[in-house]
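Enquirer: When you get a sec, could you give me coordinates for this:
(chains A, B and C, ligands or ions: 2)
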Amino acid sequence: MIRYILRRLVISLPILFGITIITFGVIHLTPGGFTSVHMDMNPNVSPDSIAKLQELYGLDQPLPVQYVKWVSRLIRLDFGRSFLDQSPVIHKIGQRLPATLLLSGLSMLFIFMLAIPVGVYSAMHHNSRQDRVITVLTFVGYSVPTFWLALLCMLLFGVVLGWLPISGIRSVNHDFLGPMGQFWDYVSHLILPVFISAFGGLASISRYTRSNMLEVVRQDYIRTARAKGLPRSRVYYVHALKNALLPIITIIGLALPGLIGGSFIFETIFSWPGMGRLAYESALSFDYPTIMGIAVIGAVLVLLGNILADVLYASVDPRIRL
Amino acid sequence: MPEILSLRQLRVAFPRAEGAAVNVVRGADLETNPGQTLGLVGESGSGKSMTALAIMGLTPFSAQVSGSARYHGRELVGLREPEYEKIRGAGISIVFQDPSTSLNPVLTIEQQLLETIQTHREISQKDARNLAIESLRSMDIPSPEKRINDYAHQLSGGMKQRILISMALACEPDCLILDEPTTALDVTVQAQILDLVERIQSFNQVSVILISHDLGIVSEISDKVAVMYAGRIVEQGPTADILNVSRHPYTRGLLSSIPELGAPKKTLATIPGFPLNPAELPSGCPFHPRCSRVQAICRQQDPDIRHEQDQAFACWNPEPQHG
Amino acid sequence: MNISFWHKFKRKRLAVIGATVVLSLILLSLAAPLIAPCDPQAQNLELRIKPPSWAHPLGTDEYGRDVLSRMLYGGRISLSVGFVAVGISLSIGLFLGALAGYFGGWVDQVIMRTVDVVLCIPTLFLILMLIVFLGPNLLNIMVIIGLTSWTELSRLVRAEFLTLKQRDYVSAARASGARDRKIIFRHILPNALAPVFVSATFGIAGAILIESGLSFLGLGVQPPVPSWGNILTSGKDYITQAWWMTLSPGIAIFLTVLGYNLLGDSLRDILDPRLTVGDEHA
Ligand SMILES: Nc1ncnc2c1ncn2[C@@H]1O[C@H](COP(=O)(O)OP(=O)(O)OP(=O)(O)O)[C@@H](O)[C@H]1O
Ligand SMILES: [Mg+2]
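Expert: Ligands and ions are numbered 1, 2, ... in the order given. Predicted coordinates for the structure are as follows:
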């Protein structure tokens, strides 16, 4: 097991290398180097910070030297300092990361808890009216712009009904609430963001579960199970489901980039103090070091998520020896 | 002797969006008796597996089954699912064509065996386990108490087939269908499995339906043989008669393609022409394009079944009885 | 496209709905200059935030501009982003996928590992980063979305090439001395196009969603040029008084994306029967 994880980590090193190459490439995409373009109109950039940037990226040196210097800083988790407040980028990200992980984790949980039963249900009743209704709903789920849906939900639950708070992670009076009150305060702030960020995933995972189930149900071993006289429920929920669920574990890995990348839209809409909103704020203020840091950290998170999914898969599927 | 299974004009059809339905089994008549083995032979696509699936009530969703299939006199066609579940595995069992895909890859052999036993019997986990190990042992599986914890991918093809057979027999059914039990296995294992089948049939008093496209294999261990072509049983009778005095030209063709012992194996392709597509059957007798004894009427009308002595066959111009 | 394609297509209700939606939206945006009642940027402060009326069927916005006209012109933006971005990602995806699948070996290794890397970086972060460096304008948005969405496609094309190059007619062509380029373009590519076409249709839906999301956050097409995303943004501040300002762009984005998704799904069913679910035992 440990050896498998180690091997998996080692295999990921080239990918990590690739990530830094691409990020580094983007910095140098801007013709004439990125210190030249938006700097004039960017009030956050003082000559001082340009100098710092020059130093961080060693912009006067040849590209390979610049790259090596930059990477050796990254390894020490030195992403430079923010243009906005001069604090180290890694601290800024560190502050925001837990909120993002909380939101993505809960959304993921919500997606799997709802989407899998729905997918199984519609596979079991496939081509029935219920299945068709679910199919139409999944298309709607794929197609609704979530930021618009967020707006409508905020209007309905936040403004018209007044049931849920629509921004931030806690209320202004949070500190004056009792323990239960504080807990509920968090929960109520989480409901809308979790629901909205899970929305797209719900559609695709339930669709995926459905088609997986339908695929599995055609396999010979399902026919064997039925030929043994097992009741339908056991055939579906034990024999078919177990096989259908395995590949869904890998989907966790595939869904991760969307969830983490999408966080910048949801978090901005709900003023959620996470990494996504930080990315957005930094984008608006051309805070390059922070954006670069977030991109690298985001990619590393995705990479780790993929490794986790692989390890999980390997430990659940008896066909894979660790 | 009361028959265990009796099929009368059993049909399986697949309706199509356009055009007439495709008939893959076109009126099969068969009987099986206790302790006897019936061999069902025919080339690929002739409808052997579909006949077996129709008996088990496991035809694909879109198939339409009609006619009659009785098990101890009880009609199976149209039987409700919960009733069928009581018969499957306990009364009639089947072992499917390909052992490599017939076991669930993510459940242990133990889980798959025990669930079968416990579905049909009120029995404790421990007794069921002992029973399972015993039934594996009776199938010549070495150290069954270890093998039982394995997953399918850890076992060889022959081992999987033995496990599938013992799973099929675990609840002591009186009818066992084996769909090409040896096709996917290599030669030495084939012989072992066939031995096993012979033993089962004499020991357990089970009536066996042995499906194969190899008349040679079937004739070795069957009491009766039925030959299927294009969804119809074109000839059936006692094995000795089929081997010696077969009447249908197709059966003769199959016989002449049985390899001599030790001779290199030939295939059914020695009969001129290619296997049929059931969606495009020729008019008249479907075998006529490949038949050496073809007459005018063969092209126009499908022959009815004729009974002569113990044999039944469907041919306008049968081979002479002594030839 | 042969007869049986149209035959199957017409029998699918969702396909017809999708195609109708997509075609009418294309027509409406092409005809925008002809049918828009007003200049989309003409302000009229006396007509600020007026509900729908005969003169302004979708109402007016906070500058008194006609929402319908802005929607029609915004539609042109969405569609051009969809088509141009997918055109770019299609070119990259086809090119790299074909190279990897056809030549295999180290070419394949290099390209596919690059794909792995790009897939790791959350697309929206990558887009955000590029926008910040290149600046938000229509052209950049189209290019950036195109540059970041070719990975799935290249995998798809590669897989197609891998199977197709094993086919007899390809070996025959190679044996008769045809050059690689001819084999790729004449013999393999035409047969690999069906799944590519399907994926491109979904790609348009995705690109439109991303563009409107970016514009919604002020990182896409910049006002006063109308795009559905930025119409939605300006409506957001008036959502309690002026529902029409957010309703029309929301529904427009939704319908367009839905149309392309329905179309893509039906095309997949028809063109790529491997993926459709057929019979089963249970
Ligand atoms: N779902 C289906 N829809 C339409 N036709 C089908 C379907 N399943 C099977 N068939 C057809 O039914 C015919 C009989 O198939 P069957 O599996 O019974 O043949 P078989 O005699 O067992 O052949 P083999 O020796 O290859 O196993 C075949 O021609 C096959 O094409
Ligand atoms: Mg068969």
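Enquirer: Tell me how many other residues crowd A:Ile205.
Expert: A:Ile205: 24 surrounding residues under other C-beta atoms under 10 Å in any protein chain shown. For glycine as for every other residue, the C-beta is placed from the backbone atoms N, C-alpha and C.
Enquirer: swap that for A:Leu164, please
Expert: A:Leu164, neighbours per other C-beta under 10 Å, totals 17.
Enquirer: Hmm, A:Phe157 and it touching each other?
Expert: Yes. Using C-beta atoms under 8 Å, A:Leu164 is in contact with A:Phe157, at 4.5 Å.
Enquirer: Scan the helices and strands of chain B for the one with the lowest mean pLDDT.
Expert: Lowest mean confidence among the helices and strands of chain B (mean pLDDT, DSSP states H and E): helix B:187-203, at a mean of 84.
Enquirer: For the next helix or strand after that one, give me every contacting residue.
Expert: Along the chain past helix B:187-203, the next helix or strand (assigned with DSSP states H and E) turns out to be strand B:207-212. For strand B:207-212, the external contacting residues (C-beta atoms under 8 Å, 6 or more residues apart in numbering or on different chains) are B:4-5, B:32-41, B:48-49, B:52, B:174-183, B:197, B:200-201, B:218, B:221-222.
Enquirer: change it to 6 Å
Expert: B:4, B:32-34, B:36-41, B:48, B:175-180, B:201, B:218 (C-beta atoms under 6 Å, 6 or more residues apart in numbering or on different chains).
Enquirer: Let me know the angle separating that strand from helix B:187-203.
Expert: Orientation of strand B:207-212 against helix B:187-203 (axes from the mean of the first three to the mean of the last three C-alpha atoms, to 10 degrees) gives an angle of 160 degrees.
Enquirer: do strand B:207-212 and ligand 1 meet?
Expert: No. Between strand B:207-212 and ligand 1, judged by C-beta under 6 Å from any ligand atom, nothing touches; the nearest distance is 6.9 Å.
Enquirer: So what are the sheet partners of that strand and their directions?
Expert: strand B:37-41 (parallel), strand B:175-179 (parallel) (DSSP bridges).
Enquirer: Of the ones you listed, flag the one that's most buried.
Expert: Sort the strands paired with strand B:207-212 by mean neighbour count, taking mean count of other C-beta atoms under 10 Å in any protein chain shown, and strand B:37-41 sits at the top with a mean of 26.
Enquirer: hey, C-alpha coordinates of the helix or strand just after that strand in CSV?
Expert: Going down the chain from strand B:37-41, the next helix or strand is helix B:48-56, by DSSP H and E. These are the backbone C-alpha positions of helix B:48-56, laid out as CSV (Å, rounded to 0.1, in the frame of the first residue of the first chain):
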residue,chain,number,x,y,z
LYS,B,48,-29.1,-22.8,-28.9
SER,B,49,-28.3,-20.2,-26.2
MET,B,50,-31.5,-18.4,-26.8
THR,B,51,-33.5,-21.6,-26.3
ALA,B,52,-31.7,-22.1,-23.0
LEU,B,53,-32.3,-18.5,-22.0
ALA,B,54,-36.0,-18.8,-22.9
ILE,B,55,-36.2,-21.8,-20.5
MET,B,56,-34.6,-19.8,-17.8
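Enquirer: Find me the pLDDT at B:Lys265, would you?
Expert: B:Lys265 is assigned 49 on the pLDDT scale.
Enquirer: Now the closest residue to A:Ala99 other than its chain neighbours, what are its backbone angles?
Expert: The shortest distance from A:Ala99 to any non-neighbouring residue, by C-beta to C-beta, 6 or more residues apart in numbering or on different chains, is to A:Gly274 (4.0 Å). Here is the backbone geometry of A:Gly274 (degrees, to the nearest 10): phi -110, psi -170.
Enquirer: for B:Ala28, same thing?
Expert: According to degrees, to the nearest 10, B:Ala28 has phi -90, psi 130.
Enquirer: Kindly report the same for B:Leu5.
Expert: phi -120, psi 140.
Enquirer: Please name the bridge partners of the residue most central in space within chain B.
Expert: By C-alpha atoms, centre = their mean, the mean C-alpha position of chain B lies nearest to B:Ile211, the distance being 3.0 Å. Note on B:Ile211: beta-bridge partners B:Leu40, B:Asp179, judged by DSSP bridges.
Enquirer: correct me, but C:Tyr260 touches C:Gly203?
Expert: No. Here C:Tyr260 does not reach C:Gly203: they are 8.6 Å apart, not a contact under C-beta atoms under 6 Å.
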